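Based on what follows, work out the 3D shape:
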Amino acid sequence: MNYSTLFPELLKKVPRIEKEDICYHYQSTDNDNNNHTKIYMPHGKKNILWFLNYNGKYYSVFLEYDEKIGNINKCHFQYLSFKPELTNGIGTLICCTKINQQFCLEKILYWMGEPYTKPKCFSHMNDLKYMLQNYIHNMKYGSFVTLGLPIMGRGSNIVFEATSLPYEVYSVMSSNNQQIRIREFIATFYIEPIEATKDIYSLICKNKDNTEKIYKNAYVNDLKTSTMLKHIFIHNYKNYRNIEFSDDEEEDVFDHSAKNVIMNCVYLPKQNAWKPYKKTLRNVDFFSKIKFIENKKYESYI
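From the prediction side, this is the model:
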């Protein structure tokens with residue numbers, strides 16, 4: 001099979017997808033006001049999974065979607081085990097985000113050849129769950145990728161929960177498609193270790209005159225955050241994933257060179273605290289921005 005010829009032919013057959021089709025839109029009339037379940041949408045590059053029939057053969061193709069220009073510019077195959085009904089007509093097209101070796105399914109664009117017109121995210125999640133149970137056989141070995149859904153939860157401490165998940169969260173969605181974007185809670189600090197073995201770190205921002213200001217201690221409340229920071233600041237750090245029982249008694253060594261690492265931190269309104277989230281190349285934020293984020297009124301949707 002000549003992929004250099006096949007891929008351009010497949011791209012010609014992709015149905016027209018507008019930029020607004022990729023996103024969910026707020027629904028002002030909501031009959032699910034008592035539904036407190038939230039959907040934690042992942043952060044990452046958008047792809048479109050396409051099940052199609054081309055010249056009598058069934059394919060699962062991932063289309064790379066460029067969000068800046070609203071266009072599909074590349075496609076490639078991924079091995080999936082699926083029922084051929086998904087390829088009826090123009091096929092089935094689903095927006096998704098890659099997380100390690102799994103693709104997180106987020107929004108249906110076409111379902112078995114027909115445009116999918118249900119507006120609410122929970123309808124998409126229910127139909128995607130049905131598809132995974134009845135039309136997909138996830139093969140967890142070899143060259144096969146697996147498909148899954150975003151994590152959902154009913155907790156009231158939404159931003160706190162978002163920072164504790166095993167993937168980076170872009171937004172938290174409600175039943176009426178209202179979105180809480182995590183970037184609205186993010187500021188950039190220097191992180192300086194005080195006592196890394198005990199998870200004590202200083203957060204440093206900037207004053208108006210560009211001088212450094214020690215703000216407060218970082219909020220390190222879970223194994224995920226603790227392990228991330230120890231891998232940055234401690235040489236030879238061993239955790240439960242890589243420790244081996246042996247005669248090697250080499251101790252963890254504090255890395256004095258790894259000072260003032262720049263990181264995005266997430267503000268947790270209910271804790272009134274800043275939690276380290278990920279390393280970044282952004283400039284450290286000013287004290288005024290930190291206070292602006294802290295002083296927002298969050299009670300209406302947190």
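
After the host helix or strand of L109, which helix or strand is next? Please name it.
Element membership for L109 (DSSP states H and E) is strand 102-111. Note on strand 102-111: by DSSP H and E, the next helix or strand toward the C-terminus is strand 114-115.

ok, and what's touching that next one?
Strand 114-115 has contacts (C-beta atoms under 8 Å, 6 or more residues apart in numbering) with G89, L109. In this view, the C-beta of every residue, glycine as well, is placed from N, C-alpha and C.

What would the helix or strand in which C205 is found look like as CSV? C-alpha coordinates only.
Using DSSP H and E, C205 falls within strand 200-206. Taking Å, rounded to 0.1, in the frame of the first residue of the first chain, the C-alpha atoms of strand 200-206 are listed here in CSV:
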residue,chain,number,x,y,z
ILE,A,200,8.7,22.2,52.0
TYR,A,201,9.2,24.7,49.1
SER,A,202,9.0,28.5,48.8
LEU,A,203,7.1,30.3,46.1
ILE,A,204,8.8,33.4,44.8
CYS,A,205,7.2,36.0,42.6
LYS,A,206,8.3,39.5,41.4
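
List the buried residues of stretch 143-153.
V145, L147, P150, I151, G153 (16 or more other C-beta atoms under 10 Å).

can you give me the offset of the strand holding C205 from its chain's centre?
26 Å (C-alpha atoms, centre = their mean, to the nearest Å).

cool, and stretch 94-103?
Relative to the mean C-alpha coordinate of its chain, stretch 94-103 is positioned 9 Å out (C-alpha atoms, centre = their mean).

Endpoint to endpoint, it covers what distance?
Stretch 94-103 has its terminal residues 11 Å apart, counting by C-alpha to C-alpha, to the nearest Å.

Now do the buried residues in that stretch.
For stretch 94-103, the neighbour count (16+ other C-beta under 10 Å) marks I94, C95, C96, T97, K98, I99, Q102, F103 as buried.

between these, which is nearest S81?
F103 (13.9 Å; C-beta to C-beta).

tell me the domain ranges of this structure?
The chain is divided into the following domains under automatic domain parsing: 3-177, 184-294.

Give me the neighbour count for P193.
P193 is flanked by 24 other residues according to other C-beta atoms under 10 Å.

Can you list the buried residues in the helix or strand where it lies?
Element membership for P193, per DSSP H and E: strand 186-195. Using 16+ other C-beta under 10 Å as the test for burial, strand 186-195 gives I186, A187, T188, F189, Y190, I191, E192, P193.

now do stretch 84-96
Buried residues in stretch 84-96 (16+ other C-beta under 10 Å): L86, T87, N88, I90, G91, T92, L93, I94, C95, C96.

Which members of those are positioned in strands?
Here DSSP state E is the test, and these give T92, L93, I94, C95, C96 as lying in strands.

wait, which of those is closest to F286?
Among these, and counting by C-beta to C-beta, the member closest to F286 is C95, at 36.2 Å.

in the sheet, who's paired with the closest one?
Counting by DSSP bridges, C95 is bridged to I48, K107.
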